[in-house]
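Peer 1: I need the structure of the sequence given here:
(one chain, ligands or ions: 1)
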Amino acid sequence: MAGERKVRLHVNVDHVATVRQARGTRYPDPVAAAVLCELAGADGITVHLREDRRHIQDRDVRLLRQTVQTLLNLEMAATDEMVSIAREVRPDVVTLVPERREERTTEGGLDAAGGRARGLAAQVQALRQAGLRVSLFIAPDAAQVAAAAALGADTVELHTGEYCEAGAAAGTGAGTGAGTGAGTGARLAAELARLQSAATAAAAAGLHVAAGHGLNVHNVGPVAALLEVEELNIGHALVADAVLVGLERAVRDMIAAMAAARRS
Ligand code: PXP
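Peer 2: Predicted coordinates:
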């Protein structure tokens, strides 16, 4: 039964590299962080090789391919350069994400259903022809789910950013930012319902369902409890917690929060 399966945690170690790049040092090394995450029980390691190489470097991806024992998920823009790197490195999963240089982090989902979908289709096909599994990072909307299925994706990763923002606005302490306390929680419930219906539609279309962006130990529960969600990609909050309590404990606490939500 879907509900009895655990939710897998893929830890995004980008921000370990962010600290390294801030000083141009050799430390902290995301490759070392990945080992600790796996020892703490993570089911996979995720990295985003951005076009501007602001955190993860090509060297990191190549070394991680050799060292990761679980699963390597490479997030990247759907460009020729990145497709060529993916075909060479051969991660276990490629997650295509939209990318704008001026953004602080990935801001929206891919427009799988929109005007630029033809270029996306070619990149998905190139990756699949190379035998790589493809995930598309999309907004939790029925049209995007249907478009992702039509493009031949194996997995959709549902963008949880708006759910997390709604939590912050509702002042639940469960968002990514500082809560204003002004919200009623109605938007939070609506965002969760949106995730639920997109997850249901994706599973019905035969897609694997992942989710992520902005999740932390406080807001992860309701998303982890969605029975169709098989995997969560979590980065910033885990690295932030690791600064205070250590990486292993941060990962273990997240796994416990996810498991508790699935049991309740
Ligand atoms: N999933 C995708 C597709 C992302 O781009 C990111 C951010 O790199 C994440 C998950 C993780 O988001 P966060 O760092 O907010 O946990």
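
Peer 1: any residue of stretch 213-223 touching the ligand?
Peer 2: Yes - contact check for stretch 213-223 against the ligand, using C-beta under 6 Å from any ligand atom: residues in range are 213-215. (Glycine included, C-beta is placed from N, CA and C.)

Peer 1: and for stretch 234-246?
Peer 2: Yes - Stretch 234-246 comes into contact with the ligand when judged by C-beta under 6 Å from any ligand atom, the residues involved being 234-237.

Peer 1: most neighbours, which of the residues of stretch 213-223 next to the ligand?
Peer 2: Leu215 (29 neighbours; other C-beta atoms under 10 Å).

Peer 1: find the nearest non-adjacent residue to that one, please.
Peer 2: Spatial nearest neighbour of Leu215, excluding adjacent residues (C-beta to C-beta, 6 or more residues apart in numbering): Ile234 at 4.9 Å.

Peer 1: is that neighbour in contact with Ala211, as I believe?
Peer 2: No - distance between Ile234 and Ala211: 9.6 Å, which falls outside the contact criterion (C-beta atoms under 8 Å).

Peer 1: nearest spatial neighbour of Ala139, chain-adjacent residues omitted?
Peer 2: In space, not counting the residues next to it along the chain, Ala139 is nearest to Gly109; the distance is 3.9 Å by C-beta to C-beta, 6+ apart.

Peer 1: the helix ranked longest in the chain and the ligand in contact?
Peer 2: As far as residue count goes, and with DSSP state H defining each element, the longest helix of the chain is helix 186-204. No - contact check for helix 186-204 against the ligand, using C-beta under 6 Å from any ligand atom: none in range, with a minimum separation of 13.7 Å.

Peer 1: using PDB, list the CA coordinates for that helix.
Peer 2: Taking only C-alpha atoms (Å, rounded to 0.1, in the frame of the first residue of the first chain), the coordinates of helix 186-204 have been written out as PDB:
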ATOM      1  CA  ALA A 186      -6.600  29.300   4.700                       C
ATOM      2  CA  ARG A 187      -4.000  29.900   2.100                       C
ATOM      3  CA  LEU A 188      -1.800  27.300   3.700                       C
ATOM      4  CA  ALA A 189      -4.700  24.800   3.500                       C
ATOM      5  CA  ALA A 190      -5.300  25.700  -0.100                       C
ATOM      6  CA  GLU A 191      -1.600  25.200  -1.000                       C
ATOM      7  CA  LEU A 192      -1.600  21.800   0.700                       C
ATOM      8  CA  ALA A 193      -4.800  20.800  -1.200                       C
ATOM      9  CA  ARG A 194      -3.100  22.000  -4.400                       C
ATOM     10  CA  LEU A 195      -0.100  19.800  -3.700                       C
ATOM     11  CA  GLN A 196      -2.400  16.900  -2.800                       C
ATOM     12  CA  SER A 197      -4.400  17.100  -6.000                       C
ATOM     13  CA  ALA A 198      -1.300  17.500  -8.200                       C
ATOM     14  CA  ALA A 199       0.300  14.500  -6.500                       C
ATOM     15  CA  THR A 200      -2.900  12.400  -7.100                       C
ATOM     16  CA  ALA A 201      -3.000  13.400 -10.700                       C
ATOM     17  CA  ALA A 202       0.700  12.700 -11.200                       C
ATOM     18  CA  ALA A 203       0.500   9.200  -9.600                       C
ATOM     19  CA  ALA A 204      -2.700   8.500 -11.700                       C
END
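
Peer 1: show me what that helix is packed against.
Peer 2: Where contact means 3 or more C-beta pairs under 8 Å, 6 or more residues apart in numbering; DSSP states H and E, helix 186-204 is packed against helix 142-151, strand 155-159, helix 161-169, strand 208-212, helix 220-224.

Peer 1: what's the average pLDDT for the fourth one?
Peer 2: Think strand 208-212. The average pLDDT within strand 208-212 is 98.

Peer 1: one step back: how about the residue nearest to Leu215, what does it touch?
Peer 2: Residues in contact with Ile234 (C-beta atoms under 8 Å, 6 or more residues apart in numbering) are 9-12, 212, 215-216, 220, 254.

Peer 1: likewise His236?
Peer 2: His236 makes contacts with 12, 15, 105, 214, as judged by C-beta under 8 Å, 6+ apart.

Peer 1: recalculate using a threshold of 10 Å.
Peer 2: Counting by C-beta atoms under 10 Å, 6 or more residues apart in numbering, His236 makes contact with 12, 14-15, 18, 105, 176, 213-216.
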